[in-house]
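**Student:** give me a 3D structure for the following:
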Amino acid sequence: MTTSSHVLRGVRILSLALNMPGPAALMRCRQMGATCVKLEPPPPRGSPAGTSGDPMGHYDKAAYAQMHEGVRVDTADLKSEEGQRALHRELEKTDILLTSFRPSALDKLRLGWKALHTRYPALCQVAIVGAPGTAAEEPGHDLTYLAAHGLVPGLELPATLYADMGGSLMASEAVLKAALHQRERYDGSGDPHPKGICIEVALSDAAAYLALPRRWGLSRPAGAVGGAHAGYRIYPCKDGRVAVAALEPHFAAALCAAAGLADTDMRAMFAPATHQAIAAFLLAQTRADLDRLAADKDIPMYAMAA
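**Tutor:** Below you'll find the model as predicted:
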């Protein structure tokens with residue numbers, strides 16, 4: 001058994017996408033067997049040798065390196081004629097183009113879908129944008145898309161780049177759709193003059209999808225996985241904290257038994273007294289105690305440092 005199938009073997013992807021979502025999507029495609037090439041802009045003038053033209057190469061070199069493992073990275077200034085020639089040399093042998101520019105920026109680079117489709121009828125494009133439709137021209141980032149969908153409830157930053165990473169998965173899903181479209185054309189029964197497709201992926205849509213449990217109420221404070229259920233919470237312990245996910249009745253029963261509570265039905269798991277009893281029990285335990293308890297009693301929990 002392998003950890004990643006090679007369903008994209010034989011598919012050639014050219015990426016012009018920078019920062020996080022595009023490179024993360026390209027990493028996923030590479031893991032699925034695609035041949036991946038990326039054209040980056042030249043680094044800022046006066047930069048040390050080996051400097052990336054992708055801002056991610058400056059934000060976090062280790063993250064950049066992991067996302068580009070196995071990817072051929074070249075430099076091309078797409079605003080220059082020489083860079084345009086380099087781009088089109090690659091496009092001539094590309095199956096799927098991955099971009100992350102605003103539509104107006106693509107038009108300025110003569111890479112709008114109409115122009116691309118006219119010159120390369122069989123080419124497919126996956127275009128990552130911030131928001132769908134005309135909102136694709138509006139400025140935004142992971143944080144603003146999460147905030148717009150209720151995923152930034154306090155003053156702390158989210159633990160990860162949810163919209164960017166969710167968008168990267170949607171983009172790799174779109175690449176799979178484009179690859180399937182191409183394979184259907186070449187199976188001997190398709191159009192002898194195949195036409196490529198363009199699929200738009202919006203990061204705001206990724207945020208909206210990730211926000212569905214909150215919109216449904218599941219992850220709000222009164223929801224079962226928002227803190228109302230005593231078996232699904234973060235609690236302090238003697239030397240740190242513990243994530244408890246004893247949501248199903250048999251897990252909840254095991255947790256309650258460990259805490260010295262009588263058999264508890266589902267309604268009681270929402271009662272303040274149950275919360276208080278479980279909190280008091282866990283506060284008296286060390287992380288090592290809780291690790292042993294989790295293993296011995298088959299309770300889903302994970303002890304963490306403070």
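
**Student:** and His58, what does it touch?
**Tutor:** 51-52 (CB atoms under 8 Å, 6 or more residues apart in numbering). Bear in mind the C-beta positions are built from the backbone N, C-alpha and C, glycine included.

**Student:** that one: helix or strand, and which one exactly?
**Tutor:** His58 is part of helix 56-59, with elements assigned from DSSP states H and E.

**Student:** right, and the helix or strand after that helix?
**Tutor:** helix 61-67.

**Student:** quick one: distance of that following helix to the chain centre.
**Tutor:** How far helix 61-67 lies from its chain's middle: 15 Å, per CA atoms, centre = their mean, to the nearest Å.

**Student:** and the helix or strand that it is followed by, average pLDDT?
**Tutor:** Counting by DSSP H and E, the element after helix 61-67 in chain order, helix or strand, is strand 72-75. The average of the pLDDT scores along strand 72-75 is 96.

**Student:** buried residues of strand 72-75, list them for me.
**Tutor:** Residues of strand 72-75 classed as buried: Val73 (neighbour count, 16 or more other CB atoms under 10 Å).

**Student:** what's that strand packed up against?
**Tutor:** Using 3 or more CB pairs under 8 Å, 6 or more residues apart in numbering; DSSP states H and E as the contact test, the elements touching strand 72-75 are strand 35-40.

**Student:** just how off-centre is the longest helix along the chain within its chain?
**Tutor:** Secondary structure of the chain per DSSP state H: the longest helix is helix 162-185. Between the centre of helix 162-185 and the centre of its chain there are 12 Å (CA atoms, centre = their mean).

**Student:** beyond it, next helix or strand please.
**Tutor:** For helix 162-185, the following helix or strand on the C-terminal side (DSSP H and E) is strand 198-202.

**Student:** that following strand: how far from the chain's middle?
**Tutor:** Chain-centre distance of strand 198-202: 15 Å, with CA atoms, centre = their mean.

**Student:** quick one: strands adjacent to it?
**Tutor:** Partner strands and pairing direction for strand 198-202 (DSSP bridges) are strand 124-129 (parallel).

**Student:** quick one on the thing from earlier: keeping just the C-alphas, turn the helix holding His58 into CSV.
**Tutor:** Extracted C-alpha coordinates of helix 56-59, given in CSV (Å, rounded to 0.1, in the frame of the first residue of the first chain):
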residue,chain,number,x,y,z
MET,A,56,6.7,32.2,0.4
GLY,A,57,10.4,31.6,-0.1
HIS,A,58,11.0,34.6,2.2
TYR,A,59,8.2,33.9,4.8
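
**Student:** pLDDT of that helix, averaged?
**Tutor:** Here helix 56-59 scores 92 as its mean pLDDT.

**Student:** can you mark which positions in it are buried?
**Tutor:** Of the residues in helix 56-59, 56-57 count as buried by neighbour count, 16+ other CB under 10 Å.

**Student:** got it, and stretch 296-306?
**Tutor:** 299-301, 303.

**Student:** what's the closest of those to Leu109?
**Tutor:** Ranked by distance to Leu109 (CB to CB), the buried residues of stretch 296-306 are led by Pro300 at 49.8 Å.

**Student:** the helices in the stretch 151-300 of the chain, which residues?
**Tutor:** With helices called from DSSP state H, counting those that start in this stretch, the stretch 151-300 of the chain shows them at 162-185, 203-210, 212-216, 249-258, 272-283, 287-297.

**Student:** so how far is Val11 from Gly33?
**Tutor:** Noted for Gly33: a distance of 8 Å to Val11, by CB to CB, to the nearest Å.

**Student:** what about those two, which has more around it?
**Tutor:** Shown here are Gly33 and Val11; by other CB atoms under 10 Å, Val11 has more neighbours (22 against 15).

**Student:** what about that one, distance to Ala259?
**Tutor:** Per CB to CB, Val11 is found 53 Å from Ala259.
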